[in-house]
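>>> have a look at this prediction, sequence included:
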Amino acid sequence: MSDQLTLTPRQRDDLRTIAAMIIPPSEEYRVPGADDDIIQADILATLGRDTKQVAAALDHLARLAGMPLADLEPAARDGVAQQFRTSGGVAAATLVRVVLQCYYRDDRVLGSLGLELRAPFPKGHVLPDGDWSLLDPVKARGGGLRRAP
Amino acid sequence: MKEPVDVLIIGAGASGAAVAWSLAETKMHILCLEQGGWMNPAEYPSTGRDWEAKFYGEWSSSPNVRGRPEDYPINDDNSPIKVVNYNAVGGSTVMYTAHWPRLHPSDFKVKTLDGVADDWPIDYDALTPFFEENDRMMGTSGLSGDPLSPLTHPPMPQQPLGLSGAIIAKAMNQLGWHWWPSDTTVATMDYEGRARCINLGHCTPACAQGAKASTDITYWPQAIRAGVELRTHCRVREITTDENGMASGVVYYDKDGIEQFQPAHVVVIACNGVGTPRLLLNSASGRFPNGLANSSGLVGKNLMFHPYAQIYGYVKEPTDSNRAPPTCLWSKQWYDTDLSRGFVRGYGVQFVRGAGPVFEAVVSEQKGTLPWGEDHHRVFRKLNGHRLGFSAICEDLPEEHNRVTLDPELKDSHGIPAPKVDYTISENSRKMMEHALARGREFLETAGASDICVNSPIPWGGWHLLGTARMGTDRERSVVNEWGRSHDVKNLFIVDGSIFVTSGGVNPTSTIQALALYIADQMKQRLANLFD
């Protein structure tokens, strides 16, 4: 695995292309794809300790594609993506996870899901206490602990 | 040379904190050395928008992934279950689910009742006052009166049922199966300086609110006020012995990496089921060539993890997702032995309320449930916020081939040999896990769940590290006696999960701390003749 600390321009291009294949934009849900500029910038800015694995995944992808991924015909690109997913191991899983974790914290995406745009702390959340009469059958059945000599 | 201390405790986690607090009333000079530091809740994941991403890096439950300077690496390649822990003041109580069942009375008599493993040298009654004391100190919430669990008296009411709890309860009622609100160490009202839970939603990687009990905010402030000295960022390399075979102190690396020697009259180990055998094996000497306190040859052996059999699915109704503590209810329906099931012993169940969006996306993509491409958005909306989980905590029986040894090559940042774990899941445990998954599937189908998936075992589920320095009255079959003192070294005590004889089918921290308080009490009662 390479020791590189940032992605090369070619790797960035392939990252953008594969990200769009994982999560394309949707008009129906009014969300961007994972190739969106803001999401891509978030990925690059927060790669950190995942950089080496993601770079390795992109190198693997480049070997499978033999050319920039975006230049492949759609059917060939789909084939490469499928191969990447099945043969990429930990590196590919890391790349996919990085894409997903940045996508699902984007304001537009969270808004579309009906989620609040904030950290959990300090506001927290409110839970319904619920109907504790549901416990009545358990109480009625009773039971006991196994006896210990 | 440093002045000797009366009692030196190694590790400031669940058990080290409890024993330090209990012994403080003796007014002895008590020092605790902890390899980690104090935590800063302002930096906990839930304070940031990137809270879920942190679980995959600096807040991973795996020390191998986290790789903080305070962590030591663990070679667990030869184990289907990977070790998870946390190294700091508070230890793994900083990073646990706060689920708070206790061992049952029958768990102490496994050999007598079921003819397997060994009985403990103590019984449940011996620990009862210490369970109660510990529940007060940690601050538990729950509902007294569970017919299938030992009687507890939580000082705070149970957590809300929430959306997920109601779905779980209805399905379990339909099946006629036992369920009950879990005892937890999540404060449901303001308690002893802790603020009540506001449902930050992911208790496991630390609680920014301070509602979840970790010993850095429960025992330690009181122990320090009572005079206990706690030295952080001090990693112990070995316990030294004198010409009489007694522990004489420890060699450790201080926060600047400088080697130090701290003499002590009594040494207490509280490093849990991997750290404790690692330290004992690293303390080998001419007099103790196989490691300290290891004349039985059992140091590091009989490792028990609790294999987790988890099954989950997605219901049509919304669940609590990440908007609640992850665990709220338990079941003891299958806790006791029923040989018609095809295995001996049993398991407890903790139900899971849901997951956050990133976790949902990552796990579901890996499982193949969440597709790439156009259909991704539709499927994600079906999954996210609809998850329910059923996790069986299967009792692992002690087997000597499941063990912790020293890795011949791997070392920590101070050059101290790292632990190596060799572990396989037994046939009995596998049958138990299959049984649990079948029951879990029935439960999920009754709840109306679809897209059912299995994690069995949960690979990153080695939370419970037990049995590697077991207690007993027979010095050839145990490492410490019935009150935690080493058979071989009479001023050396072990108070953590490594002294468990069997594992039960529940999360062990409540029992670990009750044991630590019990041993501290035994020490206090025997101060005049502690080494006889």
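Here it is on my side, so go on.
>>> contacts, neighbours, all on C-alpha from now
OK.
>>> how about the most centrally placed residue in chain B, nearest residue that isn't a chain neighbour?
Closest residue to the average C-alpha location of chain B: residue B:464 at 4.3 Å, with Cα atoms, centre = their mean. Closest residue to residue B:464 in three dimensions, ignoring its sequence neighbours and counting by Cα to Cα, 6 or more residues apart in numbering or on different chains: residue B:305, at 5.1 Å.
>>> hang on, isn't that neighbour packed against residue B:465?
Yes - distance between residue B:305 and residue B:465: 5.5 Å, which falls inside the contact criterion (Cα atoms under 8 Å).
>>> how close does the residue nearest to the centre of chain B sit to residue B:303?
Taken as Cα to Cα, to the nearest Å, the spacing of residue B:464 relative to residue B:303 amounts to 10 Å.
>>> please apply the same query to residue B:419.
Residue B:419 sits 13 Å away from residue B:303 when distances are taken as Cα to Cα.
>>> repeat for residue B:492
Shown here: residue B:492 relative to residue B:303, a distance of 21 Å by Cα to Cα.
>>> which residue would be the closest one in the stretch 401-532 of chain B to chain A?
Per Cα to the nearest Cα, the residue of the stretch 401-532 of chain B with the smallest distance to chain A is residue B:504, at 13.1 Å.
>>> pLDDT value on that residue, please?
Among the per-residue scores, residue B:504 shows a pLDDT of 98.
>>> just to revisit the earlier point, more neighbours: residue B:305 and residue B:465, which one.
When neighbours are counted by other Cα atoms under 10 Å in any protein chain shown, residue B:305 comes out ahead of the other of residue B:305 and residue B:465, with 27 against 23.
>>> which pLDDT value goes with the residue in the stretch 151-300 of chain B positioned nearest to chain A?
Per Cα to the nearest Cα, residue B:160 is where the stretch 151-300 of chain B lies closest to chain A, at 4.2 Å. The model reports residue B:160 with a pLDDT of 96.
>>> which one is it nearest to, not counting chain neighbours?
Leaving aside its chain neighbours, residue B:160 sits nearest to residue A:129 (4.2 Å; criterion: Cα to Cα, 6+ apart).
>>> I figured that neighbour hits residue B:164, correct?
No - no contact is recorded between residue A:129 and residue B:164 when judged using Cα under 8 Å, the distance being 11.1 Å.
>>> comparing the two, which residue is more hemmed in?
The neighbour count for residue A:129 versus residue B:164, taken as other Cα under 10 Å, is higher for residue B:164 (28 against 14).
>>> tell me which residues touch that one, please.
Listed by Cα atoms under 8 Å, 6 or more residues apart in numbering or on different chains, the contact set of residue B:164 reads B:318, B:319, B:320, B:353, B:354, B:388.
>>> is the fifth one in contact with residue B:388, as I believe?
To tie it back to what came earlier, the one meant is residue B:354. Yes - contact status for residue B:354 versus residue B:388: in contact at 5.5 Å, counting by Cα under 8 Å.
>>> what sits in contact with each of those two?
Overlap between the contact sets of residue B:354 and residue B:388, as judged by Cα under 8 Å, 6+ apart, is given by B:164, B:319.
>>> more neighbours: which of those two?
Here residue B:354 and residue B:388 are set side by side on neighbour count (other Cα under 10 Å), and the busier one is residue B:354, at 30 against 27.
>>> surely that one is in a helix?
No - for residue B:354, which was evaluated using DSSP: H, G, I helix; E, B strand; the rest coil, the result is coil, with no helix membership.
>>> where in chain A is pLDDT low?
Residues of chain A meeting the criterion pLDDT under 70: A:1-4.
>>> residue nearest the centroid of it?
Central residue of chain A (Cα atoms, centre = their mean): residue A:100, at 1.6 Å.
>>> can you pull the pLDDT of residue B:1?
Among the per-residue scores, residue B:1 holds a pLDDT of 81.
>>> dump the residue contacts of it.
By Cα under 8 Å, 6+ apart, residue B:1 lies in contact with residue B:261.
>>> sorry, back to before: helices or strands next to the host helix or strand of the residue nearest to the centre of chain A in the packing?
In this structure, residue A:100 is located in helix A:89-103 according to DSSP states H and E. The elements that helix A:89-103 packs onto, with contact taken as 3 or more Cα pairs under 8 Å, 6 or more residues apart in numbering or on different chains; DSSP states H and E, are helix A:9-22, helix A:37-45, helix A:51-65, helix A:74-87, helix B:357-367.
>>> what does it rub up against?
Residues from elsewhere that reach helix A:89-103 (Cα under 8 Å, 6+ apart): A:19, A:22, A:34, A:39, A:42-43, A:47, A:50, A:53-54, A:56-57, A:84-85, A:109, B:52-53, B:358, B:361-362, B:366.
>>> now do the SS call for residue B:299.
Per three-state DSSP, the local secondary structure of residue B:299 is coil.
>>> helices along the stretch 51-200 of chain B, start to end?
B:63-66, B:110-114, B:124-138, B:162-175 (DSSP state H, counting those that start in this stretch).
>>> quick one, which of those helices is nearest to residue B:101?
Of all these, helix B:124-138 sits nearest to residue B:101, with 10.5 Å by Cα to Cα.
>>> okay, the closest one in PDB with CA atoms only?
Included here for helix B:124-138 are C-alpha records, laid out as PDB according to Å, rounded to 0.1, in the frame of the first residue of the first chain:
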ATOM      1  CA  TYR B 124     -24.300 -14.800  44.900                       C
ATOM      2  CA  ASP B 125     -25.200 -14.000  48.500                       C
ATOM      3  CA  ALA B 126     -21.600 -13.000  49.300                       C
ATOM      4  CA  LEU B 127     -21.800 -10.300  46.600                       C
ATOM      5  CA  THR B 128     -25.300  -9.100  47.300                       C
ATOM      6  CA  PRO B 129     -24.300  -6.100  49.600                       C
ATOM      7  CA  PHE B 130     -21.700  -5.100  47.100                       C
ATOM      8  CA  PHE B 131     -24.000  -5.200  44.100                       C
ATOM      9  CA  GLU B 132     -26.300  -2.900  46.100                       C
ATOM     10  CA  GLU B 133     -23.400  -0.600  47.100                       C
ATOM     11  CA  ASN B 134     -22.200  -0.500  43.500                       C
ATOM     12  CA  ASP B 135     -25.600   0.300  42.100                       C
ATOM     13  CA  ARG B 136     -25.800   3.300  44.400                       C
ATOM     14  CA  MET B 137     -22.300   4.500  43.500                       C
ATOM     15  CA  MET B 138     -22.700   4.000  39.700                       C
END
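>>> neighbours of the residue in the stretch 201-350 of chain B positioned nearest to chain A, how many?
Among the residues of the stretch 201-350 of chain B, residue B:323 lies closest to chain A, at 5.7 Å counting by Cα to the nearest Cα. Here the number of neighbours of residue B:323 (other Cα under 10 Å) works out to 23.
>>> quick one: is stretch A:137-149 near chain B?
Yes - Stretch A:137-149 comes into contact with chain B (Cα under 8 Å from any Cα of the partner chain), by way of A:137, A:138, A:139, A:142, A:143, A:144, A:145, A:146, A:147, A:148, A:149.
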